[in-house]
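fold the following, please.
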Amino acid sequence: MNEPYILFPVPISELKTLIHETLTECLAAASGHKSDDSPDGFISREEAADLLHISYQTLAKRTQSGEFVAYRIGSRVLYKRPELIAALAPTNRFTVPGNKRGPKPKLRAAA
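Coordinates of the predicted model:
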């Protein structure tokens, strides 16, 4: 604290770039998540559960039922990000074959 600070004029564009790079590095370190640099978009079980907003146990159950496809590489279980996102496509639960609830009930006209 005894050393004097000397300020040099810095162009605003360089300052913005420096702040952006620093914040990006800090956020990446704080989140603990890897970037999308993994080949073929593979992500870990924890990242898959976070992506889908479900618990780890629900992810395991849905993987066993065949809803999601998991890839084992050694002792690691990985998921492909594009496949998980594709599995989230909306469906109409009343028109899905084999639905236990049956068709959507029709409303009766009031007499």
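
and Leu23, how many neighbours?
Residues lying near Leu23 (other C-beta atoms under 10 Å) number 10. C-beta coordinates here come from the backbone N, C-alpha and C atoms, glycine included.

part of a helix, is it?
Yes - following the definition DSSP: H, G, I helix; E, B strand; the rest coil, Leu23 is counted among the residues of a helix.

which SSE is the nearest residue to Leu52 once chain neighbours are set aside in?
Sequence neighbours aside, Leu84 is the residue nearest to Leu52 in space, at 6.3 Å (criterion: C-beta to C-beta, 6 or more residues apart in numbering). Applying DSSP states H and E as the criterion places Leu84 in helix 81-87.

list the contacts of that helix.
Around helix 81-87, the neighbours that count as contacts under C-beta atoms under 8 Å, 6 or more residues apart in numbering are Asp36, Gly41, Phe42, Ile43, Ala48, Leu51, Leu52, Glu67, Phe68, Val69.

next, the buried residues of that helix.
Within helix 81-87, the residues that count as buried by 16 or more other C-beta atoms under 10 Å are Arg81, Leu84.

can I get that helix in PDB, CA atoms only?
Provided in PDB are the C-alpha atoms of helix 81-87 (Å, rounded to 0.1, in the frame of the first residue of the first chain):
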ATOM      1  CA  ARG A  81     -25.600 -32.900 -25.700                       C
ATOM      2  CA  PRO A  82     -27.500 -32.800 -29.000                       C
ATOM      3  CA  GLU A  83     -29.200 -36.100 -28.300                       C
ATOM      4  CA  LEU A  84     -30.400 -34.900 -24.900                       C
ATOM      5  CA  ILE A  85     -31.800 -31.700 -26.400                       C
ATOM      6  CA  ALA A  86     -33.500 -33.700 -29.100                       C
ATOM      7  CA  ALA A  87     -35.100 -35.900 -26.500                       C
END
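
much appreciated, bye for now.
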